[in-house]
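Chemist: Take a look and give me a structure for this.
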Amino acid sequence: MEYNDLYFQSQPQSVCFRISPEDMEHIQEERLQSSTSTSSFLSIEHENERLLQSERADQEYTHTIERIDEHKSTIHKIVDQMIARYTDNAFMLPRVIKYLSNLSTTFENMDNAHQERIKQNAILSHEKRKFIRNFLETHNYYYCQASGRYFHYPTDDTIIGRLEIVDEDDVLYNVLSSISSNRELMPYKQRLRIQTMSAIKMRSVLQCVPETRSIQTVIQCFYPAVFSSRTLAKYFLTILGDNIRGNTSNTVEKVYHMLSPKSKSFIGEINHACNQFFGVNLFQSFRYRYHPEFAFSQLRLLDIQDNIDNDQMWFPAINRNILDILLVACHYSQIYESADNYLTQYSNDDEIVDRVFYLKNKSQTELLDTFLSEYFSPAVQSVSMKLRVGASERVIAESHTTATTTSSISWKNMNYLWKHFLEAKHLPNVIFQQTFKPLLIERIPTKYNQETDSFYNIYSKYLPNVQRFLNFWDKEIVEDDSDYAVLELGEIAILFKKWLVEKCQENAVSFTETQLVGLLSHYYGDSVQVIDGRYVYGISCKMWNKREDIEHAVQAMNETVDDPYTFYCNYIVKHKKGKYQLLVSKKYFIEVSASVSNS
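Modeler: Numbers count the residues shown, from 1 in each chain. Alright, predicted model coming up:
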C-alpha cells in the first residue's frame, strides 16, 4: 500500500506520522467542512439525526399499536391464504408449516441481536466519550473561533503554565496517535477523529482557567512597571477581559476608561496581539481624550505610570507573556463579571476606588466648585503682580491698596489655573473653553467684570509663583542663535531656583518639567517651543554660560585624563561655588568639547 508522508513539528523533536491515502481523503474532507461551519456543527448534526430517527421510530410504534386489531386480522388472513394455497403442494406445504412454526424463534433471535447491538453501541459510545474526555483532560487543547487558531495550555508541574499557539496538524497528529493506541476504537477512528476535533473546537480559549503561577507572572508584568499597585493592575486586566469577551454591555450605560495619551503605544501593542491571536479589538472602552458626548457617569480614571512612553520599561515582559496576559484578562472578567464590579465588590483599596470613580460621582458644576474651593480665596492682602513681556505688559494679578483690599485675576490667568488644576488632579480636559467660561461666571457672577475680562476680589496662591517664574524668564533668558544654544527643562528649573535664592533672596520654588511645559506653552505660545518634551533651542541664560564652563574644563585637562566628562564634573564642583551646581549632560559635553578641541 502506498502512503503519503506528513511531517509534524513536535517538541522536542520533529516526528513523522504516516497517513494512508484513505485517511488523507477523510482529513481533507473534514478540513473543508470545518472551514465553512461552526465548531460544533458536526456533533450537532449527528445529534439531530439521532433524535429524528428516534422520533420516527416512536411514531411508527404508536401508529402500529393503534391499529393492532386490524394487523392481527390481516396476519391471520395471510396465514390462511398461504396454507390454502399450498395444501395440495407436497413440496411447499411442509416448508410453510415449518417456517411459520419457527417465526417465534426467529423474532426472538432478531430481538436479541437488536438488544445486543444497542448494548454494544452504548458501550462504544461510552468508550468514545471517555476517550474524548480523557484526551481533552490530558492534552488541554483550546480553540478560538474568531481567529481560527488552536491553543495548548500545559499543566505539567515541571513547566510554568504558559498558553501557546499550536498548529492544527500537531493537534491532529496527537488525536490520531491516541486513537491508534486503542485497538477497540481503531475501526471507528475517522468518525472519532471528527468528533474529537469538534469537541476541541467547542472549547473556547476564552474559557481556559490559568494556573496561579501564570496569574502571578502576569501581574508582575504590570506592577510596578506600568501601574502603581496590584489592584490597578488587576483592574486593568479585568477591563481588557471585558473588552475581549464583549462584557462591556453588562453595565447600565457604556463605560469609557480615560488614559494618558502617553499610553497609546502600550495599548496599541496589546491590541495588535489580541487582534492577531483572538481576532478581537480592545479599543471599545479606552479613550485618551474627553468628548462632549461622554457623560461624567460614564467616565473611569485609569492612572498609569508617567514613563509609560518608554517602551523598554514594559515591552520585553508584555511581549514574552502576551498570550497569558490575554488569558488572565478573560479569566478575571469572567470571575469578577465586570471591571466596575471588581473594584466595588472585591478590592479593598478605597483610595483607588475613589480615584477611578472620581468623575463618575461628580457633575461639571461640582468639579468647578472643587476648583474654586481649592485654588481661590477672598483677597486678603495687597499684591502687585505686573511684569513686562517683550514690549507688552502682562498682568498676572493686580491689587490696589484702598480702604478694602481687592485683587483681580485676568481670564488668561484663570484659564492657566484651570489647566494647572486638571494637571494636578491628573484629569483629562473634561470642560471645553466654550463651556468653561460661562459655567465659571455662573458660579461666581459678582466677581467677573466683562469690560476688563477679569475676576475681582479673588486671590489664588498659585499665581505669585507663576509671576516669579515669568519675571525670571523675561530678565534672565535671552534669544541665542549660536551653535549649541539650548537649555533643558531640568536646567531651567534649577536656574529658576538659583535666581530666587541668590538674586531675589526668596525661598526656592519648584516646578516640574510638565508644569514648565504648560507655563511656556500658555504664556509664550509658539515663540518658545519645547522639543521632545525636554529641550528649548535658541535660548541661553545670562546666569550660566554652558560653553564657557566646558572650555575652562577642557583647557585644564591633560593627556592623563581617562574620563573627560567625570573630570569636567569634578572641575565644576571644585571651582563653582553655590547651593545649586549646574552641570551639562554627558551628550551635550561630548558635542561641545569636540567643537572646542577642534577650534
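Chemist: pLDDT of the lengthiest helix in the chain, averaged?
Modeler: Taking DSSP state H as the assignment, the helix of the chain that covers the most residues is helix 103-139. Confidence for helix 103-139, expressed as mean pLDDT, is 87.
Chemist: Packing partners of that helix?
Modeler: Helix 103-139 sits against helix 168-180, helix 189-201, with contacts defined as 3 or more C-beta pairs under 8 Å, 6 or more residues apart in numbering; DSSP states H and E. For every residue, glycine as well, the C-beta is placed using N, CA and C.
Chemist: roughly how far is the helix or strand following that helix from the heart of the chain?
Modeler: Next in sequence after helix 103-139, counting helices and strands by DSSP states H and E, comes strand 141-144. Strand 141-144 has its C-alpha centroid displaced from the chain centroid by 21 Å (C-alpha atoms, centre = their mean, to the nearest Å).
Chemist: Likewise for stretch 261-272?
Modeler: The answer for stretch 261-272 is 8 Å, by C-alpha atoms, centre = their mean.
Chemist: Please name the nearest non-neighbouring residue to Tyr523.
Modeler: In this structure, Tyr523 finds its nearest non-sequential neighbour in Leu470, 6.3 Å apart by C-beta to C-beta, 6 or more residues apart in numbering.
Chemist: ah, wrong one, I meant Arg230
Modeler: Tyr223 (5.1 Å).
Chemist: Phi, psi for the one you found please.
Modeler: For Tyr223, the backbone dihedrals are phi -120, psi 120 (criterion: degrees, to the nearest 10).
Chemist: For it, list the residues it contacts.
Modeler: Contacts for Tyr223 (C-beta atoms under 8 Å, 6 or more residues apart in numbering) come out as Ser229, Arg230, Leu232, Ala233.
Chemist: Let's see if you can find the most crowded of those.
Modeler: Neighbour tally across the contacts of Tyr223 (other C-beta atoms under 10 Å): the maximum, 24 neighbours, falls on Leu232.
Chemist: Verify the contact between that one and Leu302 for me.
Modeler: Yes. The criterion here is C-beta atoms under 8 Å, and Leu232 meets it with Leu302 at 7.5 Å.
Chemist: Mind checking what secondary structure the residue nearest to Tyr523 has?
Modeler: Following DSSP: H, G, I helix; E, B strand; the rest coil, we place Leu470 in the helix state.
Chemist: Domain-wise, how is this protein divided?
Modeler: 22-66+102-207, 212-349, 364-458, 465-598 (automatic domain parsing).
Chemist: Buried deepest among those domains, which one?
Modeler: domain 212-349 (a mean of 18; mean count of other C-beta atoms under 10 Å).
Chemist: Report the contact partners of Ile267.
Modeler: Leu259, Leu282, Phe283, Phe286.
Chemist: Please report the distance of it from Ala339.
Modeler: Relative to Ala339, Ile267 is positioned 15 Å away (C-beta to C-beta, to the nearest Å).
Chemist: cool, and Lys576?
Modeler: Taken as C-beta to C-beta, the span from Lys576 to Ala339 is 54 Å.
Chemist: again, but for His63
Modeler: 59 Å.
Chemist: List of residues touching stretch 532-543?
Modeler: So stretch 532-543 is contacted by 475-482, 485-490, 492, 495, 498-499, 513, 517, 520, 528-531, 546 (C-beta under 8 Å, 6+ apart).
Chemist: and if you look at stretch 233-248?
Modeler: With C-beta under 8 Å, 6+ apart as the test, stretch 233-248 has contacts from 206, 218-219, 222-223, 226-227, 250, 254-255, 257, 270, 274, 278, 280-286, 302, 325-326, 328-334, 336-339, 342-343, 347, 352, 356.
Chemist: How much space separates the residue nearest the centre of the chain from Asp349?
Modeler: The residue lying closest to the centre of the chain (C-alpha atoms, centre = their mean) is Leu240, at 4.3 Å. Using C-beta to C-beta, we find Leu240 at a distance of 19 Å from Asp349.
Chemist: So Ile409 lies in a strand, does it not?
Modeler: Yes. Counting by three-state DSSP, Ile409 is part of a strand.
Chemist: returning to that earlier point: pick the one among the contacts of Tyr223 closest to Val166.
Modeler: Of all those, Val166 sits closest to Ala233, with 28.6 Å by C-beta to C-beta.
Chemist: Could you look up the SS state of the closest one?
Modeler: When classified by three-state DSSP, Ala233 comes out as helix.
Chemist: Below-threshold pLDDT in the stretch 1-150 of the chain: ranges please.
Modeler: Across the stretch 1-150 of the chain, the ranges flagged by pLDDT under 70 are 1-51.
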